[in-house]
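S.K.: mind looking at a prediction? Sequence and model below.
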Amino acid sequence: MAFQIEAFQNRYLAPGQQRIDAILTVTAGHEVVTPPPLVVGFLLDKSGSMQGDRIHAVIEAVKGAIELLDERSWFFIVAFDSSATLLLRDGQATEAHKRAAEAALASLHAAGGTAMSTGLRAARPLFERHPEAIRQAIFLTDGKNESEPGTQVALELARCEGVFQCDAWGVGTDWKIGEVQEIARALLGKAALIPDARGVEAAFRSSIEKASGKALRDVRLRLWTPQTASVQQIKQVTPSLDDLTDRLRPVSPQLQEVLTGAWSPGESRDFHLVIEVKASAVGNEMLALRPSVAYQQPSPEGWLGQEDRPPQGRVIAQWCSDDGLAARVNEHVAHYTGQSELAESIRRGLEFQEVGNETAATQLLGRAVRLAHASQNSEMTQRLARVVEVLDPVQGTVRLRRDARKAATMDLQLESRTTRRLARPDLKP
């Protein structure tokens with residue numbers, strides 16, 4: 001399954017200029033391959049606040065989710081409060097194992113505090129038993145991580161990185177966004193809000209359907225630069241904003257790579273790179289970046305390592321004396337710079353609102369409305385309208401809503417990092 005890479009940039013630099021901004025669009029081929037086995041781990045908060053409708057909804061959601069798994073898949077169930085309990089060991093999704101899951105879930109009762117690291121720690125060795133598989137955790141909590149030092153989660157996440165991916169859900173509004181986001185970000189997943197217990201089943205089903213569509217594991221974006229250039233920053237900008245700079249790992253003196261997890265056939269993502277080059281004389285041209293994609297692909301003989309080096313992904317620097325050429329901003333770079341500014345305006349605006357600085361909050365959220373409207377990001381515009389009253393979307397004139405629900409504010413904060421791709425008919429949105 002060959003990967004394609006396209007580079008979008010302004011290759012022309014003014015004399016003395018050293019910075020290049022480029023967008024890399026990376027797209028997996030559509031060829032049908034035999035998918036690897038899937039291992040799903042359900043990591044379920046069973047603390048005291050989960051009593052009642054929530055724990056019942058989680059039980060029914062797990063039952064519904066495992067019915068979507070075929071017999072090539074595996075699954076297990078971990079429940080945690082201030083400690084973790086392995087409700088069901090890893091096993092293939094046979095009818096017998098599914099019925100065993102129902103019996104195990106019948107014993108699930110809510111009590112105790114919340115220590116999130118314990119659930120991650122219990123899941124890790126079970127995922128490690130399946131190195132050949134797509135490994136996906138579904139993590140759910142409804143409260144704050146109050147039964148352990150906050151550093152425990154960070155330590156455990158460092159051990160889990162590269163072992164499995166994790167979508168993290170918060171049900172209700174009494175949990176901390178940062179805690180759930182930390183888990184999802186470290187484990188290449190998505191953090192999202194489930195406003196009430198009725199939404200748990202749909203959330204779990206969506207995670208299973210997404211994981212079941214993955215066909216390639218351990219996909220790594222590789223970045224080769226000459227000695228006269230270096231990558232200063234790399235961000236994923238589609239489908240969501242995620243700074244990956246601190247995840248770059250050296251492969252050789254001029255080659256770095258970043259793990260991007262499992263991919264589906266036809267999946268496409270965009271990355272914003274900032275490259276610093278050594279300035280050269282007017283008229284000179286240099287290759288500043290040669291990207292490639294390394295991945296594991298299943299075959300009858302087992303997993304085979306592959307690396308694709310599409311020439312269309314190369315980033316070039318050329319110095320010129322034409323100020324007009326050098327000043328042009330590529331439309332892809334401009335679009336994603338705007339999407340980043342949109343996310344930052346929402347983040348800072350909500351922070352000011354939380355501490356009572358309504359003037360600053362109104363200004364920043366108004367800017368967010370203007371940016372969302374200008375980029376035709378209708379989904380973000382709708383989310384913003386639940387938190388502010390939009391008077392003029394073109395100018396970004398808004399009023400804070402006094403009746404805004406906490407769930408709407410949390411949803412806006414979580415989804416502010418979901419981006420809208422620059423419209424192109426040949427690419428998926």
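M.R.: Cool, got the structure.
S.K.: show me the domain layout of the chain.
M.R.: Listed domain ranges for the chain are 3-32+216-328, 38-212, 332-415 (source: automatic domain parsing).
S.K.: figure out which of those is closest to Leu422.
M.R.: Ranking the domains of the chain by proximity to Leu422 (CB to CB) places domain 332-415 first, at 4.4 Å. In short, each C-beta sits where N, CA and C put it, glycine included.
S.K.: quick one: average confidence on the closest one?
M.R.: Averaging pLDDT along domain 332-415 gives 96.
S.K.: so what's the gap between that domain and the chain middle?
M.R.: Centroid separation between domain 332-415 and its chain, computed with CA atoms, centre = their mean, to the nearest Å, is 21 Å.
S.K.: could you tell me the end-to-end distance of it?
M.R.: 21 Å (CA to CA, to the nearest Å).
S.K.: before we move on, what about stretch 322-333?
M.R.: Stretch 322-333 has its terminal residues 20 Å apart, counting by CA to CA.
S.K.: what are the buried residues along it?
M.R.: Using 16 or more other CB atoms under 10 Å as the test for burial, stretch 322-333 gives 326, 330, 332-333.
S.K.: show me which residues of the helix or strand encompassing Gly119 are buried.
M.R.: Using DSSP states H and E, Gly119 sits within helix 116-128. Of the residues in helix 116-128, those buried by neighbour count under the rule 16+ other CB under 10 Å are 116-124, 126-127.
S.K.: what does that helix contact?
M.R.: With contact meaning CB atoms under 8 Å, 6 or more residues apart in numbering, helix 116-128 is reached by 39, 41, 43-45, 76, 78-80, 82-86, 89-90, 135, 137, 139, 141, 145, 148, 152-153, 155-157, 159-160, 163-164, 179, 183.
S.K.: C-alpha coordinates for it, CSV please?
M.R.: The C-alpha trace of helix 116-128 is given here as CSV (Å, rounded to 0.1, in the frame of the first residue of the first chain):
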residue,chain,number,x,y,z
MET,A,116,-6.3,6.6,36.1
SER,A,117,-2.7,5.3,35.9
THR,A,118,-3.9,2.0,37.4
GLY,A,119,-6.1,1.3,34.4
LEU,A,120,-3.4,2.1,32.0
ARG,A,121,-0.9,0.0,33.9
ALA,A,122,-3.2,-3.1,34.0
ALA,A,123,-3.8,-2.8,30.2
ARG,A,124,-0.2,-2.4,29.1
PRO,A,125,1.0,-6.0,29.5
LEU,A,126,-2.1,-7.4,27.9
PHE,A,127,-1.5,-5.2,24.8
GLU,A,128,2.2,-6.2,24.8
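S.K.: hang on, Val153 packs against Ile183?
M.R.: Yes - using CB atoms under 8 Å, Val153 makes contact with Ile183 at a distance of 7.0 Å.
S.K.: please work out how many residues are found near Asp53.
M.R.: Close neighbours of Asp53, defined as other CB atoms under 10 Å, add up to 13.
S.K.: just give the closest residue to it, not the sequence neighbours.
M.R.: Nearest residue to Asp53, sequence neighbours excluded (CB to CB, 6 or more residues apart in numbering): Ala197, at 4.4 Å.
S.K.: for the one you found, give me its contacts.
M.R.: Going by CB under 8 Å, 6+ apart, Ala197 touches 53-54, 56-58, 171.
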